[in-house]
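A.B. asks: Quick one, what's the 3D model for this:
(chains A and B)
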Amino acid sequence: MELEADTIVQVLLRERLRITAQAAAVIRDVHAADDIFQQVVLAVLEVRTRFHDTDHLKAWAFRAARCRALDVARSRQMQMLPAEVLDLLESRWTDSPLLANTDRGEALHRCLAQLPVAARELLRLKYADGLTASVIADETHRTENAIHQNLCRIHRSLRECVEKELAGAESPSLREAR
Amino acid sequence: MTPDLRLYELFLRYWDNVLSFEEAQELGNLLANDPLTCDRFHLFTLQAIAAAELPKAPLPLQPHSAPKASGSVVLVPEAVPAAVATISRGVSRRRMMSYLGGGLAVGIGGVAFVRWAGLGDSSRNPRLSNVQGTVLVHDQFGKSVSLDRTLPAGATITTYGLASSAVLVYPNGAGVTLTGDSAIKLTEQQRGVLLHRGAISATIPELATGEEALVLQTTQVSFVGKRGVMMSLSSGLRRTEALVHLGMAAATRPTGASFTVVKQGESLTVWQDGEHKKQPIAPTPEAYRWDLDQPLPEGWTVGRRELTNDRQFVVSPELWPDPYYQNTEMYQIRSDKQWLHGFFAAQPGTLLRVRYWVDRPGAGQLCICVRTMQSRSPETGMLEWNGNYGSTGVGSWQWLELRTDEMIPPAHKHPPKFPTPWIGFLFIFNTYTIDLGLKIAEFQVTRAGAAAPGK
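C.D. replies: Down below sits the predicted model:
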């Protein structure tokens, strides 16, 4: 029996973050990755009679997102990771129960909220506005290296915070990043 | 550099598309051979996605009068500095989609439609009118668009600063007003408006027979109005709110399924998870008490809630790099923007009371951003106190008491120029560049003439 459209949408919405992450890792543009996810949902709905179980649906959606992201990356003449590495990432990101843990996303939002305003603004410029470290450096009169170092520390402290949030403790490293 | 930071350096350089050949090999090898690196790359990507959802930094402030005391600067919301305005590219997020014949519309990640007004095919696009303050328009490719031409599909219109606003005027008379610090996009695939952030109000005439509807997107819900409607809409990080002032609008889920009708005098709140609540529009209260027993709401970007040693919750300022001052960091507490409902309705004589602590005395201010009684009017003003925290003592809890009449000093350049009540929709505590050790334990507003609550 084919999957109902509503069921398909529900399944894909549950998988939205992982599918978007897969595309974002290739195209390195969160908004474009979001667009790709939406295109994938439309594409799935247009051929929905093909899908008889959700595993097939998810696998198809993951692969479609990756292919579309690669197309965009090529059109933008971006560096790409080797295909075998992308295979590995796809396999690990889709199979790992750890990465499916929705608590991780919630913990990440809590950790972001704990960051100082300047750190959040830097992340926003980087990922919401899509600015490179070089452009941010120019506009904020700092060196590109300083921006990179700052972003590295923020990302690391967020990761440590998420790990500790999931373990039930607050991260000291976030305080360090403040 | 530690291996850990090196990994993030590689991730970032990959993200920026600036890896050297050797670095690309190094990253490829790490990902291929180390499952932990794969997991960290995954979390890094999730961080990027979550960061892209972060709300824009709070409004930059501009000094507009001479310091009254050492270190004292009067601040008022103003246009975002050019540098910031130019580096923020036009955002193109979460496109609206419709699925085959309009049967199933899929709004992913909370995309929604508002279909409420008819527009002719030939001249469907709006023009800008009544532009106030800094308003920028970019086309779908991020190129700047002149404000005096018909806006192209895909254009993003952004107002910078609380005193900024603009009105989109459609050929059929429909109007969409952007309030300050808001951003919308004219959708590319259908006639409509996508609200990215902030608040808008729309006045839509009755749909004529055969007219094609205007579609307006917000993040969590859509509204379909087939008759004349006047409504306001705000879009936050995880919820959408709508007030229907006149007429009625049908609310539609991202899937395209209609789920409720919002009638005149009603408000609807829809959260990201699909939960919703409909209720009559309540008038903004004349009294207010900041409940610090509750966590700071989502969207609160400056200020940190903490539990003190004597077991009371307080909010302390955070350093905020103010772009207007070349990213000078100032110690500020800024509320979220409660445009639609407001925190409180003030009259001349309304009493504001703040219980605070400072470790050392120093210049500071309390600013209340106010709007008119009508949330659909973009007009704003500022009530402000410029003085010294700790003038009555330091190292102990102090009360600051102010009447709203005292908060419009003679040199004030942005007073409310509209009748009361003034609806306070955002408040700011600021101690400029000096950390006075400010802690706010209480903030109360009492209506004019009422007895003040006991200290």
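
A.B. asks: Tell me how many other residues surround residue B:419.
C.D. replies: 8 (other C-beta atoms under 10 Å in any protein chain shown). No exception for glycine: its C-beta is placed from N, CA and C like everyone else's.

A.B. asks: same check, this time on residue A:47
C.D. replies: Counted with other C-beta under 10 Å, residue A:47 comes out at 9.

A.B. asks: Distance check, it against residue B:239.
C.D. replies: As defined by C-beta to C-beta, to the nearest Å, residue A:47 lies at a distance of 34 Å from residue B:239.

A.B. asks: And for residue B:158?
C.D. replies: As judged by C-beta to C-beta, residue B:158 and residue B:239 stand 21 Å apart.

A.B. asks: Kindly report the same for residue B:6.
C.D. replies: 40 Å.

A.B. asks: Looking at the two, which is more packed in?
C.D. replies: residue B:239 (22 against 13).

A.B. asks: Quick check: chain neighbours aside, which residue is closest to residue B:136?
C.D. replies: Nearest residue to residue B:136 in three dimensions, chain neighbours excluded: residue B:158, at 5.0 Å (C-beta to C-beta, 6 or more residues apart in numbering or on different chains).

A.B. asks: what does residue B:282 give?
C.D. replies: Here the residue nearest residue B:282, using C-beta to C-beta, 6+ apart, is residue B:341, at 7.4 Å.

A.B. asks: Correct me if wrong: the one you found contacts residue B:285.
C.D. replies: No: under the criterion of C-beta atoms under 8 Å, residue B:341 makes no contact with residue B:285, lying 9.4 Å away.

A.B. asks: of the two, who's got more company?
C.D. replies: Comparing residue B:341 with residue B:285 by other C-beta under 10 Å, the one with more neighbours is residue B:341, at 18 against 14.

A.B. asks: contacting residues around the more buried one?
C.D. replies: Listed by C-beta atoms under 8 Å, 6 or more residues apart in numbering or on different chains, the contact partners of residue B:341 are B:241, B:282, B:284, B:375.

A.B. asks: Go through the helix ranked longest in chain A and flag the buried ones.
C.D. replies: If you go by DSSP state H, chain A has its longest helix at helix A:144-167. Neighbour-count burial for helix A:144-167, counted by 16 or more other C-beta atoms under 10 Å in any protein chain shown, picks out A:144, A:147-165.

A.B. asks: which SSE is the nearest residue to residue A:162 once chain neighbours are set aside in?
C.D. replies: Closest residue in space to residue A:162, ignoring its immediate chain neighbours: residue A:107 at 4.7 Å, by C-beta to C-beta, 6+ apart. Using DSSP states H and E, residue A:107 sits within helix A:102-114.

A.B. asks: Next, the angle from that helix to helix A:144-167.
C.D. replies: 130 degrees (axes from the mean of the first three to the mean of the last three C-alpha atoms, to 10 degrees).

A.B. asks: Other residues contacting helix A:102-114?
C.D. replies: So helix A:102-114 is in contact with A:17, A:98, A:120, A:123, A:158, A:161-162, A:165-166, A:171, A:174, B:43, B:46-47, B:50-51, B:54, going by C-beta under 8 Å, 6+ apart.

A.B. asks: beta partners of the spatially closest residue to residue B:417 that is not a sequence neighbour?
C.D. replies: Nearest residue to residue B:417, sequence neighbours excluded (C-beta to C-beta, 6+ apart): residue B:381, at 6.3 Å. The bridge-partner assignment for residue B:381, based on DSSP bridges, gives residue B:370.

A.B. asks: Enumerate every residue touching residue 21.
C.D. replies: All of this refers to chain A. So, once contact is read as C-beta under 8 Å, 6+ apart, residue A:21 ends up touching A:33, A:93, B:42, B:45-46, B:49.

A.B. asks: actually it's chain B I care about, not the one you picked
C.D. replies: So residue B:21 contacts nothing (C-beta under 8 Å, 6+ apart).

A.B. asks: What pLDDT is listed against it?
C.D. replies: Residue B:21 carries a pLDDT value of 82.

A.B. asks: again with residue A:135
C.D. replies: For residue A:135, pLDDT reads 82.

A.B. asks: and it, how many neighbours does it have?
C.D. replies: When neighbours are counted by other C-beta under 10 Å, residue A:135 comes out with 18.

A.B. asks: Could you see whether chain B lies near the helix or strand encompassing it?
C.D. replies: Using DSSP H and E, residue A:135 falls within helix A:133-140. Yes: remark: helix A:133-140 sits within contact range of chain B at A:133-136, A:139-140, by C-beta under 8 Å from any C-beta of the partner chain.

A.B. asks: just how off-centre is that helix within its chain?
C.D. replies: 23 Å (C-alpha atoms, centre = their mean, to the nearest Å).

A.B. asks: Show me what that helix is packed up against.
C.D. replies: Here helix A:133-140 touches helix A:144-167, helix B:82-87, going by 3 or more C-beta pairs under 8 Å, 6 or more residues apart in numbering or on different chains; DSSP states H and E.

A.B. asks: 6 Å instead, please
C.D. replies: Applying 3 or more C-beta pairs under 6 Å, 6 or more residues apart in numbering or on different chains; DSSP states H and E, one finds that helix A:133-140 contacts helix A:144-167.

A.B. asks: Now tell me what touches the helix it packs on from outside.
C.D. replies: A:107-108, A:110-111, A:119, A:133-134, A:136-137, A:171, A:173-174, A:177, B:4-5, B:8-9, B:12, B:43-44, B:47 (C-beta atoms under 6 Å, 6 or more residues apart in numbering or on different chains).

A.B. asks: what distance separates the start and the end of stretch B:166-178?
C.D. replies: Start-to-end span of stretch B:166-178 (C-alpha to C-alpha, to the nearest Å) is 5 Å.
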